[in-house]
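[1] need a 3D model of the following:
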Amino acid sequence: MPGPQEARDLPGDSPTQQRGRLDDLFSLVYEELRRLASFIRKNEPGATLSSTGLVHEAWLKLRDSPHLAATSPPHFKGIAAKAMRQVLVDEARRRSAQKRGGAGKAAFFTLDESVEEMATCDEEILALDKALDELAGLNPRHAQMVERRFFAGLSVAETAAELGVSESSVERDWRAAKAWLASRIRAGTE
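    Residues are numbered from 1 along each chain as shown. I've put the predicted structure just below:
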């Protein structure tokens with residue numbers, strides 16, 4: 001009898017079966033993603049998306065990719081983390097456009113009904129996105145590690161397994177990447 005991972009990889013699965021497995025995988029990591037989104041959002045009291053809204057927006061980006069059902073939960077969390085990053089950046093860009101008089105020109109669909117005061121750290125979100133893109137150009141593994149550790153909430157062990165490196169490499173790279181990103185973000189928001 002095949003194990004859970006093998007069952008996901010059966011050839012000939014219909015799109016409906018793949019979608020069902022993707023739904024199951026999302027349900028498996030949902031609470032963890034919500035906790036992570038809550039941690040990410042805690043420094044943005046005026047954000048227009050709640051933690052739940054952020055996770056749901058990420059799901060909207062992923063739901064039409066049934067092939068993701070074949071991924072492991074830690075790998076899926078990494079993919080979901082990238083989607084949450086994109087949602088945060090899109091939201092920050094939209095708010096920045098509104099602040100510059102572009103209200104009504106940028107449409108953004110949210111599942112969260114409450115619209116609160118605009119966040120004060122849009123610049124930091126955009127600076128982090130830009131710095132992560134720069135880091136990906138210099139050291140793709142460091143950028144992947146930051147996404148998995150910060151946006152997906154993976155442990156050092158899970159990150160090491162996902163990236164195929166030792167835990168000590170992840171710890172060393174994490175310290176270096178955080179310092180590099182902090183300097184780039186400070187430079188980008190001054």
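
[2] OK, contacts around the residue nearest in space to the middle of the chain?
    Nearest to the geometric centre of the chain sits Ala81, at 2.0 Å (C-alpha atoms, centre = their mean). Contacts here follow C-beta atoms under 8 Å, 6 or more residues apart in numbering; on that basis Ala81 touches Leu36, Glu147, Arg148, Phe150, Phe151, Ala152, Gly153. For every residue, glycine as well, the C-beta is placed using N, CA and C.

[3] and the helix or strand where it lies, average pLDDT?
    Following DSSP states H and E, one finds Ala81 within helix 73-99. For helix 73-99, mean pLDDT rounds to 82.

[4] for the residue nearest to the centre of the chain, give its distance to Arg186.
    23 Å (C-beta to C-beta, to the nearest Å).

[5] ok, now His67?
    39 Å.

[6] cool, Gln17 as well?
    Gln17 is 49 Å from Arg186, by C-beta to C-beta.

[7] equivalent analysis for Phe151, please.
    Taken as C-beta to C-beta, the span from Phe151 to Arg186 is 20 Å.

[8] neighbour-wise, which of those two wins?
    Neighbours per residue, other C-beta atoms under 10 Å: of Phe151 and Arg186, the larger number sits with Phe151, 24 against 12.

[9] my guess is the more buried one contacts Met84. True?
    Yes. Counting by C-beta atoms under 8 Å, Phe151 touches Met84, with 5.6 Å between them.

[10] find the nearest non-adjacent residue to Glu171, please.
    Nearest residue to Glu171, sequence neighbours excluded (C-beta to C-beta, 6 or more residues apart in numbering): Val156, at 6.0 Å.
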